[in-house]
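Asker: Return atomic coordinates for the entry below.
(one chain, ligands or ions: 1)
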Amino acid sequence: MKTKEKPWGGRFSEPTDRQVEAFTSSLHFDRRLFRYDIEGSVAHARMLGRQGIITKEEARAIVAGLRKVLVDIEAENFIFRPDDEDIHMAIEKALTDRIGDVGGKLHTGRSRNDQVALDIRLYLREEINRVLGLLAELKTGFLKLAKKECGVILPGYTHLQKAQPVLLSHYFLAFWEMLARDEARFRDCLKRVNVMPLGAAALAGTGLPIDRSYVARLLAFPAVTQNSLDAVSDRDFAAEFVFAASLTMMHMSRFCEDLILWSTDEFGYVEIADAFTTGSSIMPQKKNPDVAELIRGKTGRVYGHLVSLLTILKGLPMTYNRDLQEDKEPLFDTVDTLQASLGVLAAMIGRLTFHRKRMEKGAEGGFSTATDVAEYLVLKGVPFREAHGIVGKLVAFCLQSKKALTDLTLKEFRRFYPGFEKDLFACLTVRQSVNARKMIGGTAEEVVRKRITEIEAR
Ligand code: ARG
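Answerer: Prediction:
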């Protein structure tokens, strides 16, 4: 390609090196922004015409031309030429091919620096709304499970050791809480995304009488950026989004980790439907939780994108630098990975079968009501530390004599503390233990049912 053919070729005396051309081009990934680029350009052209910076007829011709380009790209009648540097140039060139020299008026009072900032914001705004829809579905999925499994007892773990019995529903609602915070984070991030940067031009704005508020209105932005230098160099909103996505991935990954463990023969708490598992190419008996494992793996990939983005930003001298072109691949891949993971997990959790008996049996092991015995003593006036010691000795005795707490007689209990009474036996079973926990945020069935009702009333 001859230097003259580059839109910025005027001051150059030799063509761009081919390797440089390939190295600097972003078209293969930023073409995904074409819709937003055209939408932004249409608004910009209309504003230029309204302000008399170009004539009304010129504005109309540009808008009509842009719409044709849009139709062509959507119909896949559009050839992206690899020598176009980016999507902005490709569309501007296509416009001029279609409507002639007047196409050259579109870029008046604008730079690709503010143009790309606008495109990313338009893109991310739409994708965040899609993420919010997917999050809502996943939340509903956990809520449904909480309702369906209400009453089922699960061994609660700390350090992956059986700790105390809890309701399986309580466990599902824990994920509902995480996802509710995620939702709030994306909504908050959206406020910073939803600010209109066009008009900042390269960095200093323009001397032409543009109307930024009008462009914002056309594109449904509630606010415009207030500093042109910041407008072209700011990617905080993108980093925020990837951070919010990282947390959501982490929440999903944790659930997946439990699912992987719980579906082992060793745990045997849950079975994932065949449609959501895969087999082994050598071991005919295998049924593997690959979807859950991939969500866990992809979480690492999204964290990587967060580190990429933050690292790209940290050393940039003000204002725009080409480094910023590197924001897109991590951002796009985060959007794709997050949306795919949310979608498949929501579908998968609707296809789980819980082995309720086995869970409840599991909850009975590991002296999981030992704390309840200590709390029983506290209510009899024994200082907690002392109660802890007494029950510790009881547990040691049970281990030695291969008994559970529920196997002991009152006489045996009294060997460790004479003040034990018959009412002790009302706190030894896992169900009694669960239902005793009636504090706000507790796992008692009545509290969990109340929380479900509260959530449903929203
Ligand atoms: N493709 C660039 C990006 O993604 C936008 C163009 C700005 N280029 C420039 N040389 N000022 O950030």
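
Asker: Just read off the phi/psi values of Lys16.
Answerer: In this structure residue 16 is Thr, not Lys. phi -60, psi 140 (degrees, to the nearest 10).

Asker: And it, how close does it get to Glu5?
Answerer: Counting by Cβ to Cβ, to the nearest Å, the separation of Thr16 from Glu5 is 10 Å. Yep, even glycine has a C-beta here, placed from its N, CA and C like the rest.

Asker: Enumerate the residues of the stretch 201-350 of the chain near the ligand.
Answerer: Near the ligand, the residues belonging to the stretch 201-350 of the chain are Tyr320, Arg322, Leu324, Gln325 when assessed by Cβ under 6 Å from any ligand atom.

Asker: Columns secondary structure on top of those residues, output as TSV?
Answerer: Below are those laid out as TSV (DSSP: H, G, I helix; E, B strand; the rest coil):
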residue	secondary structure
Tyr320	coil
Arg322	helix
Leu324	helix
Gln325	helix
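
Asker: In these, find the pair that's most separated.
Answerer: Tyr320 and Gln325 (9.9 Å; Cβ to Cβ).

Asker: Comparing those two, which residue is more hemmed in?
Answerer: Neighbours per residue (other Cβ atoms under 10 Å) separate Tyr320 from Gln325, with Tyr320 holding more: 22 against 19.

Asker: ok now do that one, which residues does it touch?
Answerer: Tyr320 makes contact with Asn113, Ala202, Leu203, Val232, Ser233, according to Cβ atoms under 8 Å, 6 or more residues apart in numbering.

Asker: what's the spacing between stretch 288-308 and its chain's center?
Answerer: Distance of stretch 288-308 from the chain centroid (Cα atoms, centre = their mean, to the nearest Å) equals 12 Å.

Asker: mean confidence score for it?
Answerer: Mean per-residue pLDDT for stretch 288-308: 98.

Asker: for stretch 353-366, same thing?
Answerer: In the prediction, stretch 353-366 has an average pLDDT of 95.

Asker: can you dump the C-alpha coordinates of that stretch into CSV?
Answerer: Taking Å, rounded to 0.1, in the frame of the first residue of the first chain, the C-alpha atoms of stretch 353-366 are listed here in CSV:
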residue,chain,number,x,y,z
THR,A,353,-29.4,-34.5,42.1
PHE,A,354,-28.5,-34.3,45.7
HIS,A,355,-28.1,-37.5,47.8
ARG,A,356,-29.9,-36.1,50.8
LYS,A,357,-29.6,-39.2,53.0
ARG,A,358,-25.9,-39.4,52.5
MET,A,359,-25.4,-35.8,53.2
GLU,A,360,-27.3,-36.0,56.4
LYS,A,361,-25.4,-39.2,57.4
GLY,A,362,-22.2,-37.3,56.7
ALA,A,363,-23.4,-34.4,58.9
GLU,A,364,-23.8,-36.8,61.8
GLY,A,365,-20.2,-37.8,61.7
GLY,A,366,-17.2,-35.9,63.0
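
Asker: how near is the one residue in the stretch 301-450 of the chain that gets nearest to the ligand to Ile120?
Answerer: Relative to the ligand, the nearest point of the stretch 301-450 of the chain is Gln325 (3.6 Å; Cβ to the nearest ligand atom). Gln325 sits 11 Å away from Ile120 when distances are taken as Cβ to Cβ.

Asker: Next one, pLDDT for Asn321 please.
Answerer: At Asn321, pLDDT is 98.

Asker: ugh, typo on my part, it should be Leu143
Answerer: pLDDT for Leu143: 98.

Asker: Helices along the stretch 351-458 of the chain, start to end?
Answerer: With DSSP state H, counting those that start in this stretch as the criterion, the stretch 351-458 of the chain has helices at 356-364, 370-379, 384-401, 410-416, 430-436, 445-457.

Asker: Now tabulate these in JSON lines and tack on distance to Glu183.
Answerer: Shown next, in JSON lines, are the helices of the stretch 351-458 of the chain (distance: least, Cβ to Cβ, whole Å):
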{"stretch": "helix 356-364", "distance to Glu183": "29"}
{"stretch": "helix 370-379", "distance to Glu183": "34"}
{"stretch": "helix 384-401", "distance to Glu183": "39"}
{"stretch": "helix 410-416", "distance to Glu183": "49"}
{"stretch": "helix 430-436", "distance to Glu183": "29"}
{"stretch": "helix 445-457", "distance to Glu183": "13"}
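
Asker: Make a markdown table from the ones you listed and add distance to Glu39 and mean neighbour count to it.
Answerer: Conversion of those to a markdown table gives the following (distance: least, Cβ to Cβ, whole Å; neighbours: other Cβ atoms under 10 Å):
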| stretch | distance to Glu39 | mean neighbour count |
| --- | --- | --- |
| helix 356-364 | 52 | 18 |
| helix 370-379 | 60 | 19 |
| helix 384-401 | 64 | 14 |
| helix 410-416 | 74 | 14 |
| helix 430-436 | 54 | 20 |
| helix 445-457 | 37 | 15 |
